[in-house]
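Asks: okay, predicted coordinates and the sequence, questions at the end:
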Amino acid sequence: MKFDPAQSIQNLQYFGEFGGVNPSIEDSSTYTFLKASKMEEVFEKEVEGCYLYSRHWNPTNRYLSQALARMENTESAVVTASGMAAITATLLQLCSHGDEIVSSRVIYGGTYAFLKNVAPRFGIRTRFVDFTRPDEVEKAITPFTRVLYAESVSNPLLEVIDLQRIGEISKRNGLKFVVDNTFTPMILTPANWGADVVVHSLTKFINGTSDTVAGVVCGTHDFIHSLSDVSNGMIMLLGPVMDSHRAASILKNLHSLHLRMLQHSRNAQYVAERLTMENCDIRYPGLSDAPGHDVLTRLMNIGYGYGGMVLLNMGTREKAYALMERMQQANIGYLAVSLGFYKTLFSAPGSSTSSEIPDGERETMGLSDGLVRISIGLDANIEETTRKMMECIDAVNQNYQKPESISEDTSLYAAELR
Ligand SMILES: Cc1ncc(COP(=O)(O)O)c(C=O)c1O
């Protein structure tokens, strides 16, 4: 299936109110009506070009939403104040008391915590299974299942989901397939393989400048409309609205996403290949013998590479911590959660972004404490960065000191950098 998300965005044309090359920012929380009867109509249904209140819809947010719907090849989209808002509103819209979700067991820790701890309070139960084994997914489906949930490339283990096969299972069982595509914008288009709803944390690659938290839900007109329904819509009623100034800035960043993804991927491919040659324990879906490489090669859009995320296993938590501190000191990047920034970011997911997952379950899925998740930046000279990385890894392997000093050192480095 040939689809080019960048071309799809390129074909958009928005003018500002006075002919500006950027669309105007609508800076109002509420909107006027000349006729009271029109206000009543807008409460009841969507009326083209009419706005009511910015928690419901805002023209600037609509521009960004339309551009993201183009990117994900869905009929419509709605932006939200965070990725978690997009995920939770979607799941609460699709599921009611008594319904079940079958979810990948390897997902972002916040989503896992929501499904495990919060959704059951509303009578929604989740079965966590290995989505790299589609037969396991099918087996977990019961008459109560409404939703299949997965990340296209999972956080943090970089497992690649066969969207096509899971999409077929979803369709065959009359379910809704919800995919978090945060790790692979441009690279994968889940809707082309059977996803009904695609969500993103825009906080990551799509915005790309680590200066905001934001999200989006992409899907059919009917589903997106249902989310902003004044009586039943989870976005309208829970209220995670994006600020319009932020929507305008993310839209500008979105127009360079295709170039950034390519550079992130090129750099990550180089780092992964180089460190593998040096006998480091690396997981990167662009390596030809990596699990999921063939699936990703079959499903990916051409021209954006295999993504910017690399996983390095240092063996122990102590070594992982020591390496991250050294890499920050060597100005390779920052010891910080999140991803998709122009500088390299690294964190140990076992004790940070996936710490919500209980110890025993992390072990079963292979999420060990020695893992370092690296979001490779847009470095112009990746050879130099990789050489410095190698020096840091060698130093940690050779000179590793007692773990007691680690936490003190971390705060020192952070304080120096601030
Ligand atoms: C894959 C994935 N989905 C969703 C989220 C949540 O997004 P946000 O932090 O924008 O709420 C994250 C955050 O790290 C993530 O990595």
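Replies: Alright, I've got the coordinates.
Asks: how about the residues of the stretch 301-418 of the chain that lie near the ligand?
Replies: Residues of the stretch 301-418 of the chain lying near the ligand by CB under 6 Å from any ligand atom: Thr353. The C-beta positions use only the backbone N, C-alpha and C, and glycine is treated the same way.
Asks: mind listing the helices for the stretch 301-418 of the chain?
Replies: Assigned by DSSP state H, counting those that start in this stretch, the helices in the stretch 301-418 of the chain fall at 317-329, 359-365, 382-399, 406-417.
Asks: so what's the residue most central in space within the chain up against?
Replies: In the chain, the C-alpha nearest the mean C-alpha coordinate belongs to Thr182, at 1.9 Å (CA atoms, centre = their mean). Going by CB atoms under 8 Å, 6 or more residues apart in numbering, Thr182 touches Gly83, Tyr108, Glu151, Asn155, Val199, His200, Ser201, Lys204, Phe205.
Asks: keep only these that also lie close to the ligand.
Replies: Among the contacts of Thr182, the ligand is touched by Gly83, Tyr108, Glu151, Asn155, Ser201 when using CB under 6 Å from any ligand atom.
Asks: in space, what's closest to the first one - neighbours in sequence excluded?
Replies: Right, Gly83. Ser201 (2.6 Å; CB to CB, 6 or more residues apart in numbering).
Asks: quick check: phi and psi at that neighbour.
Replies: phi -90, psi 110 (degrees, to the nearest 10).
Asks: let's see the pLDDT reported for it.
Replies: Turning to Ser201, the model gives it a pLDDT of 98.
Asks: now the ones next to the ligand among the contacts of Thr182 in JSON lines, with secondary structure and neighbour count?
Replies: Listed next are those as JSON lines, based on DSSP: H, G, I helix; E, B strand; the rest coil; neighbours: other CB atoms under 10 Å:
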{"residue": "Gly83", "secondary structure": "helix", "neighbour count": "24"}
{"residue": "Tyr108", "secondary structure": "coil", "neighbour count": "24"}
{"residue": "Glu151", "secondary structure": "strand", "neighbour count": "26"}
{"residue": "Asn155", "secondary structure": "coil", "neighbour count": "25"}
{"residue": "Ser201", "secondary structure": "strand", "neighbour count": "30"}
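Asks: in this structure, what residue comes closest to the ligand?
Replies: Gly83 (2.4 Å; CB to the nearest ligand atom).
Asks: might you report the residue contacts of the closest residue to Ile107 other than its chain neighbours?
Replies: Excluding its sequence neighbours, the residue lying closest to Ile107 (CB to CB, 6+ apart) is Glu151, at 5.4 Å. Glu151 is in contact with Ser104, Val106, Ile107, Tyr108, Ile161, Val179, Asp180, Asn181, Thr182, Phe183, counting by CB under 8 Å, 6+ apart.
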